[in-house]
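Asker: Sequence first, then the predicted structure:
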Amino acid sequence: MSSSTFRLATAFRHGRTKIDDVYFEAPFKLMTPFTNGRHSDFIVMLASPGFLKGDEAHIEIDFGPGTDSTIRTQSYEKVLDTADGSASRTIELTARGDAKAVFLPFPVIPFRGSTFENLTTAHISSESTFVYADVVTCGRVGMDERWAMRRFTNRMRVFVDDRLAFADRMLLEPDAFDYTGIGMWREFTHCGVLYAHLPASAQSGADGSAGNADGNSANAEAARIAAEDALIDRIRSHANAIGLVGELGVSRAVNGVCVRLLTGRGDDAFDFIRDVADMVAERRRSPAIPR
């Protein structure tokens, strides 16, 4: 049983995204960032076999103005048998100003007999570019272990300028529901969800009048909606182009775009979500960054 904390704050200095502050407790570790121009990849490691009974992990990340960051994890995250107990993780993300922030962990694998709860809360500015994604499996598929977890709960809330813009909850409780039926996962084994926020247009009236401000506000809102619709079209076109095997849903949220997909392979789900994150962040993947 352990309680561990990981905190990271980034800042933009001398043309690069750098670590402004960092603190972590075992089993958390942080690799040396991979930097490419103003963008940096940060890889969070968990030096343990996985989540055990009583484990509580807390992750806090602050993306500073002007920064361009991607947060990744080292490998698939395992939730081992928690017996009569449970394990949990809380994630708190903050994107300030015009930060460009992507949180992209590897999929979670709930083992037989496991109970796990994840709660993610993000507070971002309307000027930020932000992506959060996660993938969960139905169990250790390679060992033919499916739907053997006791309970898996994943909740997410995103606030844009302190206003709730997106909320999502996933509940996996095989003793209460048949996830292989119609309207559920059916034959698929991996479920991914992604939320993307595009930055607001920063326009203001030349004379500062109320009328112009209202007009500019309406124009900015229309531009945001048009940009989200264009992103949705691009995501769907990409799925068709690569021949994605699975089910895909893409729609606009109150503020932002939500992507949900079901696949039969973790790599298919993760790779597609990673492609979408690159679209939103408008960056090309560097071959030097680990997959």
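Answerer: Received, thanks.

Asker: mind showing which ranges of this protein have poor pLDDT?
Answerer: Across the chain, the ranges flagged by pLDDT under 70 are 1, 201-215, 283-291.

Asker: again, 90 this time
Answerer: Within the chain, the stretches with pLDDT under 90 are 1-2, 46-48, 75, 142, 183, 200-225, 282-291.

Asker: ok, which stretches of it are helices?
Answerer: Applying DSSP state H to the chain gives helices spanning 210-242, 266-281.

Asker: Tell me what angle the first one forms with helix 266-281.
Answerer: Using axes from the mean of the first three to the mean of the last three Cα atoms, to 10 degrees, one finds that helix 210-242 and helix 266-281 are set 150 degrees apart in direction.

Asker: Return the most buried member of the helices of the chain.
Answerer: helix 266-281 (a mean of 20; mean count of other Cβ atoms under 10 Å). Bear in mind the C-beta positions are built from the backbone N, C-alpha and C, glycine included.

Asker: Could you name the helices and strands sitting against that helix?
Answerer: strand 68-73, strand 100-104, strand 129-137, strand 190-197, helix 210-242, strand 257-263 (3 or more Cβ pairs under 8 Å, 6 or more residues apart in numbering; DSSP states H and E).

Asker: Export the ones you listed as JSON lines, with columns for distance to Met143.
Answerer: As requested, the helices and strands packed on helix 266-281 are arranged in JSON lines below (distance: least, Cβ to Cβ, whole Å):
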{"stretch": "strand 68-73", "distance to Met143": "22"}
{"stretch": "strand 100-104", "distance to Met143": "26"}
{"stretch": "strand 129-137", "distance to Met143": "11"}
{"stretch": "strand 190-197", "distance to Met143": "15"}
{"stretch": "helix 210-242", "distance to Met143": "28"}
{"stretch": "strand 257-263", "distance to Met143": "18"}
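
Asker: How much space separates His39 from Ser4?
Answerer: From His39 across to Ser4, the span is 28 Å (Cβ to Cβ, to the nearest Å).

Asker: Tell me which of the two has more neighbours.
Answerer: Between His39 and Ser4, His39 has the larger neighbour count (other Cβ atoms under 10 Å), namely 21 against 17.

Asker: so the more buried one bridges to which residues?
Answerer: Beta-bridge partners recorded for His39 (DSSP bridges): Asn36, Asp68.

Asker: Pull the contacting residues for it.
Answerer: His39 makes contact with 17, 68-70, 100, 283, according to Cβ atoms under 8 Å, 6 or more residues apart in numbering.

Asker: Pick out whichever of the residues you listed sits closest to Leu171.
Answerer: Taking Cβ to Cβ as the measure, Leu171 lies nearest Thr70 of those, at 28.4 Å.

Asker: In space, what's closest to that closest one - neighbours in sequence excluded?
Answerer: Val102 (4.3 Å; Cβ to Cβ, 6 or more residues apart in numbering).

Asker: Wait, the one you found touches Met279, no?
Answerer: No. With contact defined as Cβ atoms under 8 Å, Val102 does not reach Met279; the gap is 11.0 Å.

Asker: about what we covered before: which of the helices and strands packed on helix 266-281 sits closest to Gly113?
Answerer: Among the helices and strands packed on helix 266-281, strand 129-137 comes nearest to Gly113, with 15.3 Å by Cβ to Cβ.

Asker: This completes my enquiry, with thanks.
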